[in-house]
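> from the sequence below, what's the structure:
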Amino acid sequence: MPHKHNAERRHHIPKMPFKVTNWSEYEAGLRRRGSLTMWITEAAIDAWNAVPRSTPGGQATYSDGAIQTCLMLRAAFKLPLRQAEGLLTSFIELLGCELAVPDHTTVSRRAIKLPSIARAALPEGPLHVVIDSTGLKVYGAGEWLADKHGQRARCGWRKLHLAVDASSGQIVGVTLTGPGC
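Numbering: from 1, shown residues only. The predicted structure is shown next:
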């Protein structure tokens, strides 16, 4: 029995103390996790194709809304552009619409030209600012290994300082200190 040579000194993962008592409800919850619903309004479908422009140059096939839809699906599901294109294609097929889906190169090229989400402007005049700070634990790849072997590496803590406008709740200042113990 070569696998039991150091059995008393080996790290054993304890069994999970949680036990499922209502299997039908638990399985229904697992099924709900895989559910996906996406609503697309008729106005969005009507505005899918770009309006013809009068300036010289090539005509755009897709509107900015179509490009932003693909980018939002990409961000929501953390997908590469090609997979986001495939997901959007499957949504359009499920809708039964005859819409063309922008390919990944078009999305990549047009994403640069889209307006970015700008930070909200600070209010004019004096502000009542509330400052708070909290500690954040930074977990690394070797954290479980240190726990397993009983060695403690350097602390992975950072301190986050927030300055919030008391009247609106808008964050007006942020700083994150460096690593330390």
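
> tell me the pLDDT of Trp48.
pLDDT for Trp48: 91.

> which stretches of the chain form strands?
Counting by DSSP state E, one finds strands in the chain at the ranges 129-137, 157-165, 171-176.

> and the helices in this structure?
Counting by DSSP state H, one finds helices in the chain at the ranges 23-33, 42-46, 64-77, 81-95, 104-113, 143-149.

> could I get these as TSV with mean neighbour count and distance to Ile131?
In this view, the C-beta of every residue, glycine as well, is placed from N, C-alpha and C. Rendered in TSV, the data for these read as follows (neighbours: other CB atoms under 10 Å; distance: least, CB to CB, whole Å):
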stretch	mean neighbour count	distance to Ile131
helix 23-33	9	39
helix 42-46	10	42
helix 64-77	17	31
helix 81-95	16	40
helix 104-113	15	36
helix 143-149	11	30
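
> and Asp132, which of these is closest to it?
helix 143-149 (26.6 Å; CB to CB).

> average pLDDT across that closest one?
Averaged across helix 143-149, the pLDDT comes to 67.

> try stretch 66-85
So the average pLDDT for stretch 66-85 ends up being 90.

> could you list the residues in contact with it?
Contact partners of stretch 66-85, identified using CB atoms under 8 Å, 6 or more residues apart in numbering, comprise 44, 48-49, 87-88, 101-104, 106-108, 110-111, 114.

> with stretch 29-38 instead?
Residues from elsewhere that reach stretch 29-38 (CB under 8 Å, 6+ apart): Phe91.

> for it, C-alpha coordinates in CSV please.
This file holds the C-alpha atoms of stretch 29-38, laid out as CSV (Å, rounded to 0.1, in the frame of the first residue of the first chain):
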residue,chain,number,x,y,z
GLY,A,29,-32.5,26.3,-8.0
LEU,A,30,-29.7,24.7,-10.0
ARG,A,31,-31.9,24.8,-13.1
ARG,A,32,-32.7,28.5,-12.5
ARG,A,33,-29.0,29.3,-12.5
GLY,A,34,-28.8,28.2,-16.2
SER,A,35,-31.9,30.2,-17.2
LEU,A,36,-31.2,33.1,-19.5
THR,A,37,-33.7,35.7,-20.6
MET,A,38,-33.0,38.6,-22.9
